[in-house]
Structures are given as C-alpha cells and as structure tokens.
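In: this one's sequence-less:
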Ligand code: G3P
Ligand code: CA
C-alpha cells in the first residue's frame, strides 16, 4: 500500500488523546508514538503462537500481535514459527508433511509450563476471526517458498473478511522472502507490506530504494538499527519496525532510535504503563 500511510507514521510530538497516551513513550522530554507488537503473541509470558499468547498480548494492550503463517499437508493455514513442530509441541515432523488433524492433535503449550497444557496450533482463520478489530495483526509469511500459492490463499482469507482495504483494522503482511512480498503487494495493493531482514547488505541506499517500490515497512533486526538507517528509511516514505526485543535495554535503544514499532516478546518493555 505504498504512500497511503504517508504522514501517519512519523514520530508525533503533538497533543495525544487519552487513548494515544496509552501507547506513547517519553524520550528527551517529547512524547512520540511507537507501536508495540507482541512477537508470536506475548511470547515472553505464554507459549508462542497460541491463543494464550495472543490473549495475553490483548490483555497487555499491545497495538499488534505478530503471527507466523504456514500450511498443513492438506491445505489448512496454520500459525507456527518453526517449519517443524518439534520445538513447540509434543509431536514431531514437518508442518507441511502433517495433516491439519495431525497438527491439531498435539499439545502446543505444555513445553512452556503445565498451566498451558491443552493449547493447540491455531489456524489463520481463527486468529483473524478472534482478533481483527480488537488488535492489529502483523502477519508473517514464514518460509513461503515451501508453500506455493500461499500468498493467494492469505489474500483470499483477508478479502472474505474485508480486511484488504486501506487502513482497515491494522493488518500488515511481512516476510523475509521479498518475491513473496512483491506478490502480496500486487494481490493486495491496499494492504501494507513489510520486508524482514537481518542482513546489512539490505541496508544500502540502492536496496532500500528497491524495497520502497513495493514495501511500506523495512523491518530489520534491532542489532542493525542506527539513527542513520531510520532516517534513510523514513526519507523513502517507509516505516521501520524492529525485532526481537527481549530486554528493557533493547527496547530503550529502539525508542531512542525513533523506530515506528517495536516487535517484542515483552510488550510492557515498550510501554510500562500497559502492565
Ligand atoms: O516480526 C519479526 C520476527 O518475527 C522475525 O523473526 O524468526 O521471530 O519470525 P522470527
Ligand atoms: Ca515472525
């Protein structure tokens, strides 16, 4: 959705409404707007990519939840980070080689604590229906090269719910796979697109300019962020969201760098008032 967000994402130093104040952080005596994005849900507090983690993020008043979308053997879009289920469930195998019925039969919560036993791998439908309108949704297409046609399927689910319109209920799609994001931009021209990277090679002026032809967000690992990078991204009318914050120091650093959003396992590090 190139240019549609122009002027919206720049750090704000104006008078905030009470709602906006809930998400503002103070730096150098000025208030500025920074979105908190609960990474895989509030993954510091509940098992990642489960309803427990997403509900916790909403309870903590995060601005967005971040989800990782993949596909089962029989075509169901599911929410899980790794391309295998080994780390985050009591089963094993590749996501793409297991049917939805098989994926759902495993426990996706007890690896983090017995109190989370019974959590299941959610579906993309479930997440859209449960959270759209309640909290923004940052949708990551995880390893889309493994799932030919997944872009069309994601686009269809959004269109069915009217979530493909400009500024509509804070839906953003991102990936490390740039070709996939070009495709999403052509399928869903009004939905903001982000490119994810942890490679310094993607921060040259030339690379950023190419991203800006189809992306609205440049989303680097926080270890790559400098004030100069933030300024160059903004000068191309893109926003910058950075990840993955797991310490107060990292959150404070990114606030100081003037990024537009902080993707974190701990939403309270971005805005302690949401505790
Ligand atoms: O949203 C950014 C972040 O999720 C990218 O890394 O590995 O946690 O999906 P990863
Ligand atoms: Ca992710």
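Out: Now that the structure is in, tell me what you want to look at. Remember, it's a predicted structure, so these values are computed and weren't measured experimentally. Ligands and ions are numbered 1, 2, ... in the order given.
In: what about stretch 200-210, distance to the chain center?
Out: Distance of stretch 200-210 from the chain centroid (CA atoms, centre = their mean, to the nearest Å) equals 21 Å.
In: do the same with stretch 222-234
Out: Between the centre of stretch 222-234 and the centre of its host chain there is 18 Å, according to CA atoms, centre = their mean.
In: please enumerate the helices of the chain.
Out: For the chain, helices defined by DSSP state H occupy the ranges 18-21, 51-59, 100-104, 124-131, 150-160, 178-187, 205-211, 227-235, 248-256, 267-270.
In: pick out the shakiest of those, pLDDT-wise.
Out: For the helices of the chain, mean pLDDT drops lowest on helix 18-21, to a mean of 40.
In: ligand 1 contacts on the stretch 1-150 of the chain?
Out: 39, 66, 68, 81, 140 (CB under 6 Å from any ligand atom). C-beta: built from backbone N, CA, C; applies to glycine.
In: number of residues surrounding the second one?
Out: So the one you mean is residue 66. Residue 66: 30 surrounding residues under other CB atoms under 10 Å.
In: just list whatever residues bridge to it.
Out: residue 138 (DSSP bridges).
In: endpoint to endpoint, stretch 159-175 covers what distance?
Out: 19 Å (CA to CA, to the nearest Å).
In: may I see the buried residues of that stretch?
Out: By neighbour count on 16 or more other CB atoms under 10 Å, the buried set for stretch 159-175 is 161, 163, 164, 169, 170, 171, 172, 173, 174, 175.
In: let me see the backbone angles for residue 49.
Out: phi 60, psi 40 (degrees, to the nearest 10).
In: residue contacts, it?
Out: Remark: with contacts taken as CB atoms under 8 Å, 6 or more residues apart in numbering, residue 49 is in contact with 40, 41, 43, 67, 68, 79, 80, 81, 88, 108, 121, 122.
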